[in-house]
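1. Build me a model from this:
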Amino acid sequence: MASEIRIHIAGMIYNQSLGGTYSLVLSEDGGQKRRFSVLIGESEAQSIALKLNNAKSPRPLSHDLMNSIIRELHAKVVKVVIYDLNNDIFYSEIYLIHDNKPVIIDARTSDAVALAVRCDAPIYIHSDILDIVGTAIDEEKTETDQPIEEDLLRPENLNVTTLKKIGTEKLKDLLEVAIEEERYEIAAMIRDEIEKRK
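-> Numbering: from 1, shown residues only. Model prediction:
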C-alpha cells in the first residue's frame with residue numbers, strides 16, 4: 001500500500017491557453033520537494049486565493065458553506081488525500097470525524113483543497129502518484145533567482161511577497177487591471193507597494 005506524503009499549495013498559474021482554468025501548483029513538504037499541478041476552475045481558484053490572502057467574500061462561497069455545515073454538525077476535517085490518477089484526472093477524498101466515527105467523502109481535488117485551506121487541514125498525496133507526476137525542484141535556486149511567470153502576475157494571484165519581486169512599471173499595469181476588474185483590495189495592496197518605492 002502506498003504511503004501518504006504531505007503537500008502544500010505553492011501557487012496558482014492562470015492558463016492562457018485554456019481560458020477560465022488555473023494550474024494549482026502543489027509541492028511536497030520536505031523530501032525531494034517535488035511539485036506537480038492540478039487543473040482547476042476559476043471559481044475554485046478564486047475561493048482558494050481568497051482564503052490564502054486572508055480576504056473575505058461579501059457573502060459565503062460554496063466552500064465557506066461546506067465548512068460552516070461541517071462545524072455546525074460538530075464534525076472535523078482531519079485531512080484531504082489525493083488517492084488516484086486516471087486519464088490525467090486526480091481523485092481525492094476528504095477524511096472527517098463525526099461522533100468519533102471516521103467518515104470518508106469522495107470529492108473533486110479542487111473542492112477538497114479549497115475546503116482543506118478553510119479547515120487548516122493537511123493535504124496528502126499517495127506516494128506512488130507523486131512518483132509519477134512530481135518534478136524535483138532545484139533547491140540551490142532561491143525564490144528570487146527564479147523568474148516570475150507572467151501568469152503569476154494576474155491580480156488574483158498576487159500577495160505581498162510576490163509584489164516585492166515585480167518591477168514598478170509592471171506594478172502600474174497590474175494596478176490598472178485590478179481597478180478595471182473591481183478588485184479593490186488587491187489594487188490597494190499594489191498601490192501601497194508602489195508608494196513604498198517612491
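
2. going forward, measure contacts and count neighbours with C-alpha atoms only.
-> Fine.

3. How is the chain divided into domains?
-> For the chain, automatic domain parsing gives the domain ranges 4-133, 147-196.

4. can you give me the helices for this protein?
-> All helices of the chain, identified by DSSP state H, fall at 42-52, 62-72, 109-119, 127-133, 160-163, 168-180, 184-196.

5. Arg6 bridge partners, please.
-> Tyr124 (DSSP bridges).

6. lowest confidence element among the helices and strands of this structure?
-> Within the chain, judged by mean pLDDT, DSSP states H and E, the helix or strand with the poorest mean is helix 160-163; its value is a mean of 68.

7. quick one on the thing from earlier: possible to save the helices of the chain as CSV with mean neighbour count and distance to Tyr95?
-> CSV is the format used below for the helices of the chain (neighbours: other C-alpha atoms under 10 Å; distance: least, C-alpha to C-alpha, whole Å):
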stretch, mean neighbour count, distance to Tyr95
helix 42-52, 19, 19
helix 62-72, 15, 12
helix 109-119, 22, 10
helix 127-133, 15, 18
helix 160-163, 13, 32
helix 168-180, 15, 37
helix 184-196, 15, 34
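
8. Comparing these, which yields the minimum mean pLDDT?
-> Looking over the helices of the chain, mean pLDDT reaches its minimum on helix 160-163, with a mean of 68.

9. just to revisit the earlier point, with distance to Ile97 as new columns, can the helices of the chain be given to me in a markdown table?
-> As requested, the helices of the chain are exported to a markdown table (distance: least, C-alpha to C-alpha, whole Å):
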| stretch | distance to Ile97 |
| --- | --- |
| helix 42-52 | 23 |
| helix 62-72 | 10 |
| helix 109-119 | 13 |
| helix 127-133 | 24 |
| helix 160-163 | 35 |
| helix 168-180 | 41 |
| helix 184-196 | 36 |
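
10. which one of these lies closest to Arg6?
-> Comparison of these against Arg6 by C-alpha to C-alpha identifies helix 127-133 as nearest, at 9.5 Å.
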